[in-house]
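A.B. asks: Need a 3D model of the following:
(chains A and B)
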Amino acid sequence: DTGVSQDPRHKITKRGQNVTFRCDPISEHNRLYWYRQTLGQGPEFLTYFQNEAQLEKSRLLSDRFSAERPKGSFSTLEIQRTEQGDSAMYLCASSNYRDIEVTQYFGPGTRLLVL
Amino acid sequence: TQLLEQSPQFLSIQEGENLTVYCNSSSVFSSLQWYRQEPGEGPVLLVTVVTGGEVKKLKRLTFQFGDARKDSSLHITAAQPGDTGLYLCAGAFDTNAGKSTFGDGTTLTVKP
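C.D. replies: A predicted model of the protein is given here:
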């Protein structure tokens, strides 16, 4: 079990550019979540998938944000026309829906800085 | 909106002291997790509690889940500098909801 991995770990971009992040969940996990975390706050839910279906999106997920999980394995989160307010840590987590505890396991995160 | 409050927000103690941090909600949790997070890293799972009144121990850490499943506490005995970090609680309010709601955490500093 290699855990949840995220790539890249750090991204610096200029305002207006597009960025894409990748998350590889724990292999047997059918649920995948994206969260955003800013300094001094806990993670905030963005969206989640069960297999390849995107089941819920937060109102934090503006039209500039899109997430995909095309084959029910890895997922990508794209931010178009980045703004300085998008600077944050983007966290991915996975879980096994069959577990009653619904425990989520997190990756190391992608830290985004928009200049 | 289901909110989850953690207290205290900051805690600074000397090595060897004991401490307790709290997590409270007005809603009932279906399950609750405690995580520890270091700067620049993702949260690392410490424990999951599901049953009201449940107590779990992990070395010097003791986790309690309230009888009504609306609150939880984390007690650390004889804190060490390696315990320094951000302690987050996260609650699932519905097993089908698919997401966890996080508190803003307790930042613990243990001084040698």
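
A.B. asks: Centroid-nearest residue for chain A?
C.D. replies: residue A:34 (3.1 Å; C-alpha atoms, centre = their mean).

A.B. asks: how close does that one sit to chain B?
C.D. replies: As judged by C-beta to the nearest C-beta, to the nearest Å, residue A:34 and chain B stand 10 Å apart. For every residue, glycine as well, the C-beta is placed using N, CA and C.

A.B. asks: Report the contact partners of that residue.
C.D. replies: Residues in contact with residue A:34 (C-beta atoms under 8 Å, 6 or more residues apart in numbering or on different chains) are A:23, A:46, A:47, A:48, A:67, A:75, A:77, A:90, A:91, A:92.

A.B. asks: What about the second one, how many residues nearby?
C.D. replies: Looking back up the chat, that one is residue A:46. Applying other C-beta atoms under 10 Å in any protein chain shown, we find 22 residues neighbouring residue A:46.

A.B. asks: So which bits of stretch B:43-57 are buried?
C.D. replies: Neighbour-count burial for stretch B:43-57 flags B:43, B:46, B:47, B:48, B:49, B:50, B:54 (criterion: 16 or more other C-beta atoms under 10 Å in any protein chain shown).

A.B. asks: Keep only those of those that are in strands.
C.D. replies: Residues of these located in strands (DSSP state E): B:46, B:47, B:48, B:49.

A.B. asks: Which residue is the nearest non-sequential neighbour of the first one?
C.D. replies: This points to residue B:46. Leaving aside its chain neighbours, residue B:46 sits nearest to residue B:34 (4.5 Å; criterion: C-beta to C-beta, 6 or more residues apart in numbering or on different chains).

A.B. asks: Is any residue of the helix or strand bottoming out on mean pLDDT in chain A near chain B?
C.D. replies: Least confident helix or strand, chain A: strand A:53-57 with a mean of 91, by mean pLDDT, DSSP states H and E. Yes. Counting by C-beta under 8 Å from any C-beta of the partner chain, chain B has neighbours in strand A:53-57: A:55, A:56.

A.B. asks: so after that strand, what's the next helix or strand?
C.D. replies: strand A:65-68 (DSSP states H and E).

A.B. asks: interface residues of chain A facing chain B?
C.D. replies: A:4, A:6, A:31, A:33, A:35, A:40-45, A:48, A:50, A:55-56, A:89, A:91, A:93, A:100-109, A:111.
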